[in-house]
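Enquirer: Take this sequence and fold it.
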Amino acid sequence: MELQNMTTISLHMPVNELVATHPDIIPVMVGMGLDGVTNPALLNTVGRFMTLEKGARMKHIPLEELTKQLVAAGFEVSADEQ
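Expert: Numbers count the residues shown, from 1 in each chain. The predicted structure follows:
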């Protein structure tokens, strides 16, 4: 997949913002074990503060593996804070 066709996301964006702007990220997150995104109450509370990086650390998912899965799904992943 060409880089210019990829959607850029940050590991530091709140999960509820990511899901709201990129709902196609939900299956990737669920597939990696970050299934809290399917719970609207959790998403609207904890999701305001939880980031992909924090969630991966809490679930013991290597950031490299999370990034690899996101890239395979068509996302460009930035580790920069936004």
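Enquirer: Would you tell me what the next helix or strand after the helix or strand hosting N16 is?
Expert: Taking DSSP states H and E as the criterion, N16 maps to helix 15-21. For helix 15-21, the following helix or strand on the C-terminal side (DSSP H and E) is helix 26-31.
Enquirer: Next, the buried residues of that following helix.
Expert: Judged by neighbour count (16 or more other Cβ atoms under 10 Å), helix 26-31 contains these buried residues: I26, V28, M29. Where you see a C-beta, it was placed from the backbone N, CA and C, and this is true even at glycine.
Enquirer: Okay, now the unreliable bits of this protein?
Expert: Filtered on pLDDT under 70, the chain yields the residue ranges 1-5, 81-82.
Enquirer: Skipping adjacent residues, who's closest to the residue nearest the centre of it in space?
Expert: Nearest to the mean C-alpha position of the chain, by Cα atoms, centre = their mean, lies L52 at 4.6 Å. Nearest-residue entry for L52: L11, 4.7 Å, with adjacent residues in sequence omitted and distances by Cβ to Cβ, 6 or more residues apart in numbering.
Enquirer: Could I get the contacting residues of that neighbour?
Expert: Applying Cβ atoms under 8 Å, 6 or more residues apart in numbering to L11 gives the contacts T51, L52, E53, A56, L63, L66, T67, V77, S78, A79.
Enquirer: any idea how far it lies from S78?
Expert: 7 Å (Cβ to Cβ, to the nearest Å).
Enquirer: Could you do V15 as well?
Expert: Distance from V15 to S78, by Cβ to Cβ: 15 Å.
Enquirer: If you count surrounding residues, which of these two has more?
Expert: V15 (23 against 14; other Cβ atoms under 10 Å).
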